[in-house]
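Student: build the 3D model from these lines:
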Amino acid sequence: MRHANGVDGSRIAFQTEGDGPALVLLAGQANNHHWWDGVRADFQTDRQTITLDYRGTGDSDAPERRYSTQGFADDVVAVLDTLNVEQADVYGTSMGGRVAQWVAVRHPHRVRRLVLGCTSPGGTHGVERDATVHAGLADPDAAQARRFLLELMYTPEWLAENPGPYTVLGDPDMSARAKKLHFTASARHDAWEELPEITAPTLVVHGDQDVFNPTANAPLLAERIPNAELRLIEGARHAYFDEFRAEASPMVLDFLLS
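Tutor: Residues are numbered from 1 along each chain as shown. Here you go, the predicted model:
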């Protein structure tokens, strides 16, 4: 386990595997690097994959101050600096896609190619999940809330054949305070005005059955980012990259290698 120092001195844990050009993989809200466990190997035949534990998760520090997607992006750059990686491809999913937007906006020379998966521009232009989704996630019965989240991530057919364990349901060791800070950081994300500044070639990927982060956000991003490509995966929910890895991973690799 290695650590980088964030701009405020917080220690940010990161992990590297494989050899070759750098590919940063950014996880969803309140998750650590294990989000990528199911598919990481797909990208390592000719890539060095880089993951990190967001502050508040995994082996990173959990400062009490406010978190933001901009701040998480600065932590990503701190990791690249520690590794002496001048430029990398960046693939972010869910909140990781929001973080990736800021990496590309604020540090354009550090991003060669950008992939935004199951994510949103945020703010008033982003399409919010509906009230029934909020209610299901807030179910006071923890087992019911967990099942509801699983069915937002995966199709019932896939869940029936794959009983777990699942790595995309949040870091189980996070404090309640850190979870709240993550939720607020993601909820306050708004990169709409800055998205046209992205210069890296960009691929937007989304499951066409995603109601957790509604699919309608994908064309918004693709239209707002200059020359971005849009690909929807038929039948996929939020964790398209995991359940539909046989389609999604080659799609992303083809884009990165093109």
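Student: tally of neighbours for Met174?
Tutor: Neighbour count for Met174, taken as other CB atoms under 10 Å: 20. Every residue, glycine included, has its C-beta placed from N, CA and C.
Student: what's the pLDDT at it?
Tutor: What the model reports as pLDDT for Met174 is 96.
Student: my read is it is in a helix, agree?
Tutor: No. Secondary structure assignment (DSSP: H, G, I helix; E, B strand; the rest coil) places Met174 in coil, not in a helix.
Student: surely it meets Gly56?
Tutor: Yes. With contact defined as CB atoms under 8 Å, Met174 reaches Gly56; the gap is 6.2 Å.
Student: now list whatever residues contact both of these two.
Tutor: Ala30, His182 (CB atoms under 8 Å, 6 or more residues apart in numbering).
Student: so after the lowest-mean-pLDDT helix or strand in the chain, what's the next helix or strand?
Tutor: For the chain, counting by mean pLDDT, DSSP states H and E, helix 131-137 ranks last in confidence among helices and strands (a mean of 93). Using DSSP states H and E, the helix or strand that follows helix 131-137 towards the C-terminus is helix 142-153.
Student: residues making contact with that following helix?
Tutor: With CB under 8 Å, 6+ apart as the test, helix 142-153 has contacts from 133, 136-139, 159, 166, 168-169, 211-212, 237-239, 242-243.
Student: on that earlier part again, got the buried residues for the least confident helix or strand of the chain?
Tutor: Val133, Gly136 (16 or more other CB atoms under 10 Å).
Student: just how off-centre is it within its chain?
Tutor: Put simply, helix 131-137 sits 21 Å off its chain's centre (CA atoms, centre = their mean, to the nearest Å).
Student: that one packs against which elements?
Tutor: Other helices and strands packing on helix 131-137, by 3 or more CB pairs under 8 Å, 6 or more residues apart in numbering; DSSP states H and E, are helix 142-153.
Student: buried residues in the helix it packs on?
Tutor: In terms of neighbour count (16+ other CB under 10 Å), helix 142-153 has its buried residues at Phe148, Leu149, Leu150, Glu151, Leu152, Met153.
Student: what mean pLDDT does the helix or strand just after that helix get?
Tutor: Following helix 142-153 in sequence order, the next helix or strand is helix 156-161 (DSSP H and E). In this model, helix 156-161 carries a mean pLDDT of 96.
Student: check stretch 2-21 too.
Tutor: Mean predicted confidence for stretch 2-21 is 95.
Student: how long is it end to end?
Tutor: Terminal residues of stretch 2-21 lie 19 Å apart, using CA to CA, to the nearest Å.
Student: show residues contacting that stretch.
Tutor: Stretch 2-21 is contacted from outside by 1, 33, 40, 43-55, 58-61, 63, 65, 71, 74-75, 78-79, 81-83, 88-89, 112, using CB under 8 Å, 6+ apart.
Student: mark which of the residues you listed are buried, thanks.
Tutor: Among the contacts of stretch 2-21, the ones that count as buried by 16+ other CB under 10 Å are 33, 40, 43, 47-55, 58-61, 63, 71, 74-75, 78-79, 83, 88-89, 112.
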